[in-house]
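In: Mind folding the following:
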Amino acid sequence: MARNPQENLSRRERQIMQIIYRCGRATATEVRENLPDPPSYSAVRALLRVLEEKGHLRHQQDGPRYVYSPTVSLQKARRSALQGILHNFFANSHEQMIATLLDDPATELSASELDRLARMIEKARKEGR
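Out: Model prediction:
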């Protein structure tokens, strides 16, 4: 199994993983149909094989075709990716990472999203985190 689902992936491999996470599972044809400026069908099959060798995907045979699915849940992949960003860009400072998101003028949070975040912060306080 892959240690970090997005570690050491090419741009095209990341695109394929995003498609498979979005779909839950997909064939080479489905992946190709969802890729921007898609390469040939055989190139997509080769990329899927590489992702499987790297431990990011597994397949099940469905008649004559392979159906690919991720080896790591989307939630686990998100956490792993965030841990890498936290370590590489924010010196493991959760505060700096969250402050960067909140300070960005492009970040638009609704009142309900802000309320939910406030509840999550309060819960973390109560739990001593």
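In: from here on, contacts and neighbour counts on C-alpha atoms
Out: Will do.
In: Which other helices and strands does the helix or strand harbouring residue 14 contact?
Out: For residue 14, the element it lies in under DSSP states H and E is helix 11-23. Other elements packing on helix 11-23 under the criterion 3 or more Cα pairs under 8 Å, 6 or more residues apart in numbering; DSSP states H and E are helix 28-34, helix 41-53, strand 65-70.
In: would you turn those into CSV with mean neighbour count?
Out: Converted to CSV, the helices and strands packed on helix 11-23 look like this (neighbours: other Cα atoms under 10 Å):
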stretch, mean neighbour count
helix 28-34, 17
helix 41-53, 17
strand 65-70, 19
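In: As CSV, the ones you listed with distance to residue 115 and mean pLDDT would be great.
Out: Compiled in CSV, the helices and strands packed on helix 11-23 are given as follows (distance: least, Cα to Cα, whole Å; pLDDT from 0 to 100):
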stretch, distance to residue 115, mean pLDDT
helix 28-34, 35, 98
helix 41-53, 39, 97
strand 65-70, 33, 97
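In: would you list those in CSV and tack on distance to residue 110?
Out: Compiled in CSV, these are given as follows (distance: least, Cα to Cα, whole Å):
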stretch, distance to residue 110
helix 28-34, 30
helix 41-53, 37
strand 65-70, 32
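In: what about those, which gets the closest to residue 107?
Out: Between residue 107 and the helices and strands packed on helix 11-23, the shortest separation by Cα to Cα is 27.4 Å, and it involves helix 28-34.
In: where does the chain dip in pLDDT?
Out: Under the criterion of pLDDT under 70, the regions of the chain flagged as low confidence span 1-7.
In: Show me how the record splits the protein into domains.
Out: The chain breaks down into these structural domains: 1-90, 93-129 (assignment by automatic domain parsing).
In: Tell me if I am right that residue 39 is in a helix.
Out: No: under DSSP: H, G, I helix; E, B strand; the rest coil, residue 39 sits outside any helix and is assigned coil.
In: ok, back up a step: export the helix holding residue 14 to CSV, keeping only CA atoms.
Out: Once side chains and other backbone atoms are set aside, the C-alpha atoms of helix 11-23 remain, and they are given as CSV (Å, rounded to 0.1, in the frame of the first residue of the first chain):
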residue,chain,number,x,y,z
ARG,A,11,0.7,15.5,-13.0
ARG,A,12,-1.1,12.9,-15.1
GLU,A,13,-1.0,10.3,-12.3
ARG,A,14,-2.5,12.8,-9.9
GLN,A,15,-5.2,13.5,-12.5
ILE,A,16,-6.0,9.8,-12.7
MET,A,17,-6.1,9.4,-8.9
GLN,A,18,-8.5,12.4,-8.7
ILE,A,19,-10.8,10.8,-11.3
ILE,A,20,-10.8,7.5,-9.5
TYR,A,21,-11.4,9.1,-6.1
ARG,A,22,-14.3,11.1,-7.6
CYS,A,23,-15.8,8.1,-9.3
